[in-house]
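1. My questions are about this predicted structure, shown below with the sequence.
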Amino acid sequence: MIDIGTDSGLDFLDDRVRGVVERLEVAARADGDVIGAVSVRLRELGATPDAETLRAMTATGEAAMLPVARSVGRLLFQLAVGSGAATIVEYGTSHGMSTLYLAAAAQRTGAQVIGTELSAHKAAVATANLAEAGVGDRVRVLVGDALETLPTVSGPVGLLLLDGWLPLHLPVFRAMEPKLTLGSIIVSDNVSRHADLLGDFHRYIAERSQTYLRTTLPLDDGIDVIVRVR
Ligand SMILES: C[S@@+](CC[C@H](N)C(=O)[O-])C[C@H]1O[C@@H](n2cnc3c(N)ncnc32)[C@H](O)[C@@H]1O
């Protein structure tokens, strides 16, 4: 998908956060080597993978950072500051690129960010990156399957980012749904490139069209912004 090319500068971030974002952007170029294998595995996953399948997926994805694009990071920062969400939850932290944008926003608003990451290695890297950026005190990264760790998070949740393995977007969303407030924002990444893996999630939202309004933005691989309107 064509990135509509919103201003791609990072001068809204302070120097420490920007430095880590730029370093991760360079490191993420290595993702090209493994992205094919990750895509193949994703198609085998399904919405209710057994533990072994999920572990195999994690092992395949371990070498890949798969961070949000800069345009998406800027949008996350805008929505996190603009919504004033007090609690922000992220499904899929990886090395913490999206988390850096959310945490930078949280530093302005006083919010708390809860990240989730299946890979203990990635969670440790993310935690170190967030500390290096000076925003570690804004974030708690829960290690393990988000479906098991997120029920421990107390609501209300004002902003939810869905950026984990795509077939699990619907079950993770449903687990968080009781905690989503009126006006809460759900952002879902990769929706155009991998629309085939998100059919259940999109159907679920479409069937609740009086509760959720969904708009797809042409940023990077497609971004859904969904707002709970009642
Ligand atoms: C696309 S990457 C996330 C990228 C990250 N948001 C960023 O911008 O850098 C997806 C991540 O979701 C994690 N993940 C997948 N399924 C998960 C689950 N059930 N619970 C927690 N994390 C999961 C993967 O290990 C992977 O690191």
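-> Done, it's in.

2. which strands and helices sit next to the strand of greatest length in the chain?
-> Ranked by residue count and defined by DSSP state E, the top strand of the chain is strand 180-189. Helices and strands touching strand 180-189, by 3 or more Cβ pairs under 8 Å, 6 or more residues apart in numbering; DSSP states H and E, are helix 70-83, strand 157-162, strand 223-228. Where you see a C-beta, it was placed from the backbone N, CA and C, and this is true even at glycine.

3. Turn those into TSV, including distance to the ligand.
-> Formatted as TSV, the helices and strands packed on strand 180-189 follow (distance: least, Cβ to the nearest ligand atom, whole Å):
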stretch	distance to the ligand
helix 70-83	7
strand 157-162	7
strand 223-228	12
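
4. from these, which stretch is densest packed?
-> strand 157-162 (a mean of 26; mean count of other Cβ atoms under 10 Å).

5. Only alpha carbons, please: show it as PDB.
-> Output of strand 157-162 as PDB, limited to C-alpha atoms (Å, rounded to 0.1, in the frame of the first residue of the first chain):
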ATOM      1  CA  VAL A 157      -8.500   0.900  28.700                       C
ATOM      2  CA  GLY A 158      -8.600   3.900  26.400                       C
ATOM      3  CA  LEU A 159      -6.300   2.800  23.600                       C
ATOM      4  CA  LEU A 160      -5.500  -0.700  22.400                       C
ATOM      5  CA  LEU A 161      -2.900  -1.500  19.800                       C
ATOM      6  CA  LEU A 162      -3.300  -4.900  18.000                       C
END
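
6. pLDDT (mean, whole number) over it?
-> In this model, strand 157-162 has an average pLDDT of 98.

7. quick one: it to strand 223-228, angle?
-> Computed by axes from the mean of the first three to the mean of the last three Cα atoms, to 10 degrees, the angle separating strand 157-162 from strand 223-228 equals 150 degrees.

8. The ligand contacts on the protein?
-> Within the chain, the positions adjacent to the ligand are 58, 61, 65-68, 92-95, 97-98, 116-119, 122, 145-147, 163-165, 168 by Cβ under 6 Å from any ligand atom.

9. what comes into contact with the longest strand of the chain?
-> Strand 180-189 is contacted from outside by 68, 72, 75-76, 79, 83, 85, 155-163, 169, 173, 198, 201, 212, 220-221, 223-230, using Cβ atoms under 8 Å, 6 or more residues apart in numbering.

10. so for that strand, what's the average pLDDT?
-> Strand 180-189 comes out at a mean pLDDT of 96.

11. Show me which residues of it are buried.
-> Under the neighbour-count criterion of 16 or more other Cβ atoms under 10 Å, strand 180-189 has 180-181, 184-189 buried.

12. so which pair among those residues is furthest apart in space?
-> Greatest spacing in these, by Cβ to Cβ: Thr181 and Asp189 (21.6 Å).
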